[in-house]
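Novice: Can you look at this prediction? I've put the sequence above it.
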Amino acid sequence: MPADFEPLHDARADCVLCRQHTGVPLWQDAAWRVIRAEDGDFPAYYRVIARHHVGEFSALLAPERQRCMDLVCAIERVLIDCLQPTKVNLAALGNMVPHLHWHVIARFDWDSQFPQAVWGPRQREVPGGALARLGMPLDELDAMVVEALASA
């Protein structure tokens, strides 16, 4: 795991993603960091977060946009190859937190909200919990994600 998750010089005091580092830190470079969100209903839920404060994807230069999408795709590919989910959700909403970040979430037809959004109404209980149904330990999945990001 990366040791230093300090924000860059343009961090905003009023921005939760600039000042807090929630989730499990997995990887970072000069411009991006990746965490695994700690969500019991969605254990294979990752975020690609800009390390500098930017609100919109279009505010990035073309190479920055490409790098971001390379990282998102690397995570998505690991989730597909390792977990064979029903679908992988990709989202960059920013309505609640206007700091550029992408959600990459493995979804399964058995998960608590499927086919609704992860923020939607619960559709069912998952006997034994989602982590038990995932099919592989999170530390192994995280290691695969880090490996893919290192070569993205």
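Specialist: That came through, no problem.

Novice: okay, CA-based contacts and neighbour counts for the rest of this
Specialist: Will do.

Novice: can you pull out the strands in this structure?
Specialist: In order along the chain, the chain carries the following strands (DSSP state E): 24-28, 32-36, 45-50, 87-91, 101-107.

Novice: Glu56 is nearest to which of these?
Specialist: Among the strands of the chain, the nearest to Glu56 by C-alpha to C-alpha is strand 101-107 (9.2 Å).

Novice: Direction included, what does that closest one pair up with?
Specialist: Strands adjacent to strand 101-107 in the sheet, as given by DSSP bridges, are strand 45-50 (antiparallel), strand 87-91 (antiparallel).

Novice: got TSV for those strands, with mean neighbour count and distance to Val146 too?
Specialist: Formatted as TSV, those follow (neighbours: other C-alpha atoms under 10 Å; distance: least, C-alpha to C-alpha, whole Å):
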stretch	mean neighbour count	distance to Val146
strand 45-50	24	11
strand 87-91	16	18
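
Novice: can I get the strands of the chain in CSV with distance to Glu56?
Specialist: Formatted as CSV, the strands of the chain follow (distance: least, C-alpha to C-alpha, whole Å):
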stretch, distance to Glu56
strand 24-28, 20
strand 32-36, 14
strand 45-50, 10
strand 87-91, 13
strand 101-107, 9
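
Novice: can you redo those as TSV with mean pLDDT?
Specialist: Shown next, in TSV, are the strands of the chain (pLDDT from 0 to 100):
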stretch	mean pLDDT
strand 24-28	94
strand 32-36	94
strand 45-50	95
strand 87-91	97
strand 101-107	96
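
Novice: I'd like to know which of the ones you listed lies nearest to Arg12.
Specialist: Counting by C-alpha to C-alpha, Arg12 lies closest to strand 45-50 out of the strands of the chain; the figure is 12.7 Å.

Novice: Kindly format the C-alpha coordinates of the closest one as PDB.
Specialist: Taking C-alpha atoms only, strand 45-50 is exported to PDB below (Å, rounded to 0.1, in the frame of the first residue of the first chain):
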ATOM      1  CA  TYR A  45     -16.000  -1.000  -5.100                       C
ATOM      2  CA  TYR A  46     -13.100   1.100  -6.200                       C
ATOM      3  CA  ARG A  47     -12.600   4.800  -6.700                       C
ATOM      4  CA  VAL A  48     -10.100   6.600  -9.000                       C
ATOM      5  CA  ILE A  49      -9.600  10.000  -7.400                       C
ATOM      6  CA  ALA A  50      -7.800  13.100  -8.800                       C
END
